[in-house]
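[1] sequence first, predicted model second:
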Amino acid sequence: MAILLTLFVYFTVLLLISKLTTRKATNGVFFKANNTSPWYMVAFGMIGASISGVTFVSVPGMVNKISMTYLQTCMGFIVGYVLVSFVLLPVYYRLNLTTIYSFLEQRFGVYAYKTGAIFFLLAKMIGSAIRFYVVCIILQQFVLNALGIPFYVTVLAMVLLIWLYTYRGGIKTLVFTDVFQTFCMLTALILIIYGVVDALGMSMSEAITTVWNDPRSKIFEWNDASSTQYFWKQFFSGAFIVVVMTGLDQDMMQKNLTCKSLKEAQKDMCTYGLAFLPTNFLFLFLGVLLSLLATQQGIALPKAGDDLLPMFAATGNLGQLVLVLFSIGIIAASFSSADSALTALTTTMCIDVCNKPENESFRKRVHIAMAVVFALFILIFKALNNTSAIDAIYIMCAYTYGPLLGLFAFGLFTSHKLHDRFVPYVAILAPCLCWTLSYVSENWWGYKFGYELLLINGALSFLGFYMLKRSK
């Protein structure tokens, strides 16, 4: 009952924020907030928007497999955000873009433009639906099943709530709701940490010392270059992930483009880029504490790291308050990423695919359609109930960013024009070649590609586009 009451209050606040921020809602407000967003609010809210509900439950469990070496990737994130701030943002602001894929039209033509937008729609719809599906499953298993709520009701209710507070104000509303949701997520995280420390019978200073001396607090791997946790692999992977998955992603860039000026947008991005390091440290710190508590109480650690935090929250070992905090934290993290994805999908469909940036009634219909498709994808994933199928879909999402990387790199770092009508063929061929290379490598040579496959995909796309270059 306490959980339902808390969630009711939480969602009421979201709807109230939506009401207050959409008194004069237009398409300009929905898509760009009329470029009036304070940079510090965008920066704080982006912490929550960039940390999904999956991250909320996954990162603490990492410590039992790879210690705290994930922080090496977070250090790379900082470099990536600096690159996006000073390489990509100046281009987007100079061209006064609403969607970043408009750059491709101005640089190459309509085929490149539509190709970039469609690849984004495909990747974002599938990727966001999967992440939201995972969160729904976790909430269903550890919280809502006990209340007798069916899974399809959970999904439909959560998607409906997202649609309700975004359908009028869009990105303007999200700037404010993200601040609230990031605050809730971080508050829940800190209070859960205090609850675990108390359950261990320690003071906070004792907990810090204990974690510092625990072998799972290892951050750096300098010696084994073959390890996937080797520092330079993790560091450069982190930088590369941010450039591709943030700088070339309409969802992640849309709020940054609502700031009043390029300078403010750069301050916003660099600020929240730096914030990822301490935020993820808190998640990992919690993971070590939970592992210590499991040992102290004689509880076997779960085989899946993702189950570590939910296991303690659901068993009631830490009290009803922690269960409530866990529910708020995971919902805040998942909603702040899912709502921005839904808004970005609507923006790209209206502006890039259908070329109707001024038609408000059309935008509202598209927003409804995107919400319906989003819910259907989640229910389809539940029907599949197949981990390998889900993994395959994640891989497909990664493939779709390769052509985007190649297109943007070719546009930014060369002065060539393209035979534009052939761009879609290269964008399809490059991922196919990557899949072939991955299959042959794993089955013939025993080498399984990781993050580097995305880089190869981008390089093949770039090479294909270079072959399409034409004289000025």
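    Arrived safely.
[2] tell me the contacts of residue 86?
    Counting by C-beta atoms under 8 Å, 6 or more residues apart in numbering, residue 86 makes contact with residue 266. In short, each C-beta sits where N, CA and C put it, glycine included.
[3] tell me the secondary structure of residue 355, please.
    coil (DSSP: H, G, I helix; E, B strand; the rest coil).
[4] how close does it get to residue 371?
    According to C-beta to C-beta, to the nearest Å, residue 355 and residue 371 sit 22 Å apart.
[5] the two - which one has more neighbours?
    Summary of the neighbour comparison: residue 355 and residue 371, criterion other C-beta atoms under 10 Å, with residue 371 having more neighbours (21 against 11).
[6] residue 163 is in contact with that one, correct?
    Yes: at 4.3 Å, residue 371 counts as touching residue 163 under the criterion of C-beta atoms under 8 Å.
[7] now do the shared contacts for these two.
    Between them, residue 371 and residue 163 share these contacting residues under C-beta under 8 Å, 6+ apart: residue 342.
[8] what's near enough to touch residue 435?
    Listed by C-beta under 8 Å, 6+ apart, the contact partners of residue 435 are residue 399.
[9] let me redo that: residue 358
    Residues near residue 358 by C-beta under 8 Å, 6+ apart: residue 27.
[10] and residue 73, what does it touch?
    Listed by C-beta under 8 Å, 6+ apart, the contact set of residue 73 reads 234-235, 237-238, 241.
[11] JSON lines for these, including secondary structure and pLDDT?
    Formatted as JSON lines, the entries for these read as follows, by DSSP: H, G, I helix; E, B strand; the rest coil; pLDDT from 0 to 100:
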{"residue": "234", "secondary structure": "helix", "pLDDT": "85"}
{"residue": "235", "secondary structure": "helix", "pLDDT": "91"}
{"residue": "237", "secondary structure": "helix", "pLDDT": "82"}
{"residue": "238", "secondary structure": "helix", "pLDDT": "86"}
{"residue": "241", "secondary structure": "helix", "pLDDT": "82"}
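[12] just the buried residues from those residues, in PyMOL please.
    Buried members of the contacts of residue 73, identified by 16 or more other C-beta atoms under 10 Å, are gathered into one PyMOL selection as follows:
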select buried, resi 234+235+237+238+241
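[13] which one of the contacts of residue 73 sits closest to residue 6?
    residue 241 (33.8 Å; C-beta to C-beta).
[14] quick one: find the helix or strand in this protein with the lowest mean pLDDT.
    Least confident helix or strand, the chain: helix 387-413 with a mean of 74, by mean pLDDT, DSSP states H and E.
[15] immediately after that helix, which helix or strand?
    The first helix or strand that comes after helix 387-413 along the chain, using DSSP states H and E, is strand 417-418.
[16] quick check: mean pLDDT across that next one?
    In this model, strand 417-418 has a mean pLDDT of 90.
[17] can you tell me what sits against that strand?
    Outside of strand 417-418, the residues within contact range by C-beta under 8 Å, 6+ apart are 108-109, 112, 410, 465, 468-472.
[18] widest-spaced pair of those?
    By the measure C-beta to C-beta, 112 and 471 form the most distant pair in the contacts of strand 417-418, at 17.5 Å.
[19] compare those two (neighbour count), which wins?
    Set residue 112 next to residue 471 and count neighbours by other C-beta under 10 Å: residue 112 wins out with 29 against 5.
[20] helix or strand for that one, just tell me which one.
    Under the criterion DSSP H and E, the helix or strand holding residue 112 is helix 110-139.
[21] next one: that helix to chain centre, how far?
    Going by C-alpha atoms, centre = their mean, to the nearest Å, the spacing between the C-alpha centre of helix 110-139 and its chain's C-alpha centre is 11 Å.
[22] just stretch 45-63 next, same as before
    9 Å.
[23] and what of stretch 333-340?
    Taking the mean C-alpha point of stretch 333-340 and that of its whole chain, the gap between them comes to 8 Å (C-alpha atoms, centre = their mean).
[24] only alpha carbons, please: show that stretch as PDB.
    Backbone C-alpha positions of stretch 333-340 (Å, rounded to 0.1, in the frame of the first residue of the first chain) are rendered in PDB as follows:
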ATOM      1  CA  ALA A 333      15.700   6.500 -13.900                       C
ATOM      2  CA  SER A 334      13.600   4.600 -16.400                       C
ATOM      3  CA  PHE A 335      11.000   7.300 -17.000                       C
ATOM      4  CA  SER A 336      13.600  10.100 -17.500                       C
ATOM      5  CA  SER A 337      15.200   8.100 -20.300                       C
ATOM      6  CA  ALA A 338      12.000   6.700 -21.800                       C
ATOM      7  CA  ASP A 339      10.100  10.000 -21.900                       C
ATOM      8  CA  SER A 340      12.900  11.700 -23.800                       C
END
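[25] which residues touch it?
    14, 45, 48-56, 128, 131-132, 135, 158, 161-162, 165-166, 171, 174, 177-178, 181-182, 185, 251-252, 254-255, 374.
[26] next, count neighbours for residue 202.
    So residue 202, with other C-beta under 10 Å, has 16 neighbours.
[27] ok, now residue 445?
    Residue 445 - counted by other C-beta under 10 Å - has 8 other residues nearby.
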